[in-house]
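Undergrad: Quick one, fold the following:
(one chain, ligands or ions: 1)
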Amino acid sequence: MPDTNTFPAEAESASAAAGLMAMPGNIDPMPVPRPTLVEGVTPREDGRTDLLGLPKKRIAELFESAGLDAKAAKLRAKQVYHWLYHRGVTDFDAMTDIAKTMRPWLAERYVVGRPEIVEAQHSSDGTRKWLLRTADAHDFEMVFIPDAGRGTLCVSSQVGCTLNCRFCHTGTMRLVRNLTVGEIVGQVMLARDALGEWPKSAQDTRFAGTSGLDDDDGEGDYTSEGRLLTNIVMMGMGEPLYNFDNVRDALKLVMDGDGLALSKRRITLSTSGVIPQMARCGEEIGVNLAVSLHAVTKDVRDEIVPINKKYGIEDLLQACADYPRASNARRITFEYVMLRDKNDSDADARELVRLLRKYDLPAKVNLIPFNPWPGAPYECSTPERIRAFSEIVFQGGISAPVRTPRGRDIDAACGQLKTAAEKKSRAEIDRLLAEKDAAMLAAAE
Ligand code: SF4
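TA: Below is the predicted model of the structure:
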């Protein structure tokens, strides 16, 4: 999902053959390259297994297959799981309730990883953005948005995206692959590392002085519960419902009371409208739903959210009406990016109200001023137009706040940091080639 710079602050409230696999649910048989993975396990060159992303039961199975008897494997898995997800510990030596003799056994066979940080940016408004890298060298992004009383982490589900929404910078990138469970939950854990939110005794100090993660800049006051990271939105790169199983399993680790222990009420999954997976999302994950609506007529939505050609507006709204657990207390968020002279007329606003009322939806609308990126085919609506649009929707009895753009002084719109890094590495390659040419010329003289 796009526009990670303009978070709904109310999100809670803001083919194995040839290395290809089919998209989940056989709804879009689009091949997605991915590395060969042992089920749920991130591959490593040193032969050790990364436990990040594994549930307790799978960890116990690994321990048992490595030689522990079933009872010991279960006990060790429980201990390691607690240290891993609840305490944020990455070093087996720091797992103090595990026998000292046992720790080297673990360290020889396993690691607890994190996504690699390529670049970290910190906006003057407190927004932070990280460019992260998978073990097989694919880059993706994660953003943290502090706000009054909450801190929202925007998590990516894929490297790139297949859906080509025209207003979205990530949509200009090809889909490389789905992120694994470990790469998804690893974003949340990395953010907790950065914010120092693990229990104090277990804080990981690996990052002190590096990569912008050594943070102590007074932002610790902005949540009522003393927590910095209070909410998660699956709204980063990718369409989460096209990576359903991994997103579900990662969010289960995030929601597990023995794990990261974040309430499902504080997690929002944003979809462009993959109707066949929406009910599963409600039933199997149970998190809040956000929908990238962005237009109220077929022609305009076909243009800016092309999945609309497959799953039209009326069917999408019916799927929202059927979404398990939606209620006035847990309203569905409709995201609407404001594009000048495209989707921002009074008639559009009135049609939005009509549609949401027709389906009797417990809805709120987030109006998102468009944040243009180089080469973007649209402009942002004027502030006056956005206000007028909002007013019409409000008068229709539906909450329609205008979101404040965040992090505009850093590479703000979703996908920009990755593009900037790629440009940088291309420039670096050009520089190295020029140096090589110069050396060859000098040698030939
Ligand atoms: S579905 Fe993909 S292209 Fe569409 S808004 Fe989300 S990330 Fe961008």
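Undergrad: What distance separates the opening and closing residues of stretch 148-159?
TA: Taking Cα to Cα, to the nearest Å as the measure, stretch 148-159 stretches 30 Å from start to finish.
Undergrad: Likewise for stretch 264-278?
TA: One end of stretch 264-278 to the other measures 16 Å (Cα to Cα).
Undergrad: which of the residues in it are buried?
TA: Using 16 or more other Cβ atoms under 10 Å as the test for burial, stretch 264-278 gives 264-275, 277-278. In this view, the C-beta of every residue, glycine as well, is placed from N, C-alpha and C.
Undergrad: so how far is it from its chain's centroid?
TA: 12 Å (Cα atoms, centre = their mean, to the nearest Å).
Undergrad: quick check: mean pLDDT across it?
TA: Averaged over stretch 264-278, pLDDT sits at 96.
Undergrad: can you check stretch 376-390 too?
TA: Averaging pLDDT along stretch 376-390 gives 96.
Undergrad: Which residues does it contact?
TA: 166-167, 169, 304, 338-340, 342, 344, 346, 348-349, 367, 369-372, 400-402 (Cβ atoms under 8 Å, 6 or more residues apart in numbering).
Undergrad: Closest one of the buried residues of stretch 264-278 to the ligand?
TA: Of all these, the ligand sits closest to Ser272, with 4.1 Å by Cβ to the nearest ligand atom.
Undergrad: how near is the closest one to Glu335?
TA: Plainly put, Ser272 is 9 Å away from Glu335 if you go by Cβ to Cβ, to the nearest Å.
Undergrad: all strands of the stretch 301-445 of the chain, in order?
TA: 332-338, 363-369 (DSSP state E, counting those that start in this stretch).
Undergrad: Summarise which helices and strands the first one is packed against.
TA: Think strand 332-338. Packing partners of strand 332-338 (3 or more Cβ pairs under 8 Å, 6 or more residues apart in numbering; DSSP states H and E): strand 267-271, strand 288-292, helix 346-358, strand 363-369, helix 383-395.
Undergrad: anything in the first one near the ligand?
TA: No - interface with the ligand: strand 267-271 contributes nothing (Cβ under 6 Å from any ligand atom), its closest point being 7.5 Å away.
Undergrad: Low-confidence ranges, the stretch 151-300 of the chain, go.
TA: 200-226 (pLDDT under 70).
Undergrad: For it, which residues are neighbours of the ligand?
TA: Cys161, Leu163, Asn164, Cys165, Cys168, Thr170, Gly171, Met237, Gly238, Glu239, Ser272, Ser292.
Undergrad: tally of neighbours for Lys310?
TA: Close neighbours of Lys310, defined as other Cβ atoms under 10 Å, add up to 13.
Undergrad: Identify the residue nearest the geometric centre of this structure.
TA: Geometric centre of the chain, nearest residue: Val155, 1.7 Å, by Cα atoms, centre = their mean.
Undergrad: hang on, that residue packs against Gln187?
TA: Yes - the criterion here is Cβ atoms under 8 Å, and Val155 meets it with Gln187 at 4.9 Å.
Undergrad: overlap in contacts of those two?
TA: Common neighbours of Val155 and Gln187 (Cβ under 8 Å, 6+ apart) are Met142, Gly236.
Undergrad: now the strand or helix carrying Arg192 and strand 267-271, what's the angle there?
TA: Element membership for Arg192, per DSSP states H and E: helix 181-195. Interaxial angle of helix 181-195 relative to strand 267-271 (axes from the mean of the first three to the mean of the last three Cα atoms, to 10 degrees): 130 degrees.
Undergrad: Work out the sheet partners of the helix or strand following helix 181-195 and label each with its direction, please.
TA: The C-terminal neighbour of helix 181-195 among helices and strands, as given by DSSP H and E, is strand 231-234. Applying DSSP bridges, strand 231-234 is found paired with strand 150-154 (parallel), strand 267-271 (parallel).
Undergrad: now those strands in a markdown table, with distance to Tyr311?
TA: Output for these, formatted as a markdown table (distance: least, Cβ to Cβ, whole Å):
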| stretch | distance to Tyr311 |
| --- | --- |
| strand 150-154 | 24 |
| strand 267-271 | 10 |
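Undergrad: quick one on the thing from earlier: taking the residues of the stretch 151-300 of the chain next to the ligand one by one, which sit in strands?
TA: Ser292 (DSSP state E).
Undergrad: now the residues of the stretch 151-300 of the chain next to the ligand in JSON lines, with distance to Leu62?
TA: JSON lines is the format used below for these (distance: Cβ to Cβ, whole Å):
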{"residue": "Cys161", "distance to Leu62": "32"}
{"residue": "Leu163", "distance to Leu62": "35"}
{"residue": "Asn164", "distance to Leu62": "39"}
{"residue": "Cys165", "distance to Leu62": "39"}
{"residue": "Cys168", "distance to Leu62": "38"}
{"residue": "Thr170", "distance to Leu62": "34"}
{"residue": "Gly171", "distance to Leu62": "38"}
{"residue": "Met237", "distance to Leu62": "30"}
{"residue": "Gly238", "distance to Leu62": "28"}
{"residue": "Glu239", "distance to Leu62": "31"}
{"residue": "Ser272", "distance to Leu62": "36"}
{"residue": "Ser292", "distance to Leu62": "38"}
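Undergrad: Looking at the residues of the stretch 151-300 of the chain next to the ligand, which is nearest Leu229?
TA: Met237 (19.1 Å; Cβ to Cβ).
Undergrad: Just give the nearest non-adjacent residue to the closest one, would you?
TA: Nearest non-adjacent residue to Met237, counting by Cβ to Cβ, 6 or more residues apart in numbering: Ser156, 4.0 Å away.
Undergrad: before we move on, what SS does Ala143 have?
TA: Small correction: residue 143 is Val, not Ala. strand (DSSP: H, G, I helix; E, B strand; the rest coil).
Undergrad: For it, report the pLDDT, please.
TA: pLDDT for Val143: 95.
Undergrad: Is it in contact with Thr127, as I believe?
TA: Yes - here Val143 lies in contact with Thr127, judged by Cβ under 8 Å, at a distance of 6.7 Å.
Undergrad: Between these two, tell me which one has more neighbours.
TA: Val143 (29 against 25).
Undergrad: Are we agreed that Ala107 is in a helix?
TA: Yes - when three-state DSSP is applied, Ala107 is found to be in a helix.
Undergrad: residues near it, how many?
TA: Using other Cβ under 10 Å: Ala107 sits among 13 other residues.
Undergrad: and if you look at Lys298?
TA: 13.
Undergrad: Could you do Ala73 as well?
TA: When neighbours are defined as other Cβ under 10 Å, Ala73 has 19 of them.
Undergrad: What are the buried residues along the host helix or strand of it?
TA: Taking DSSP H and E as the criterion, Ala73 maps to helix 70-81. Applying a neighbour-count criterion of 16+ other Cβ under 10 Å, one finds Ala73, Lys74, Arg76, Ala77, Gln79, Val80, Tyr81 buried in helix 70-81.
Undergrad: Distance check, Tyr227 against the ligand.
TA: To be clear, residue 227 is Arg; Tyr isn't right here. 27 Å (Cβ to the nearest ligand atom, to the nearest Å).
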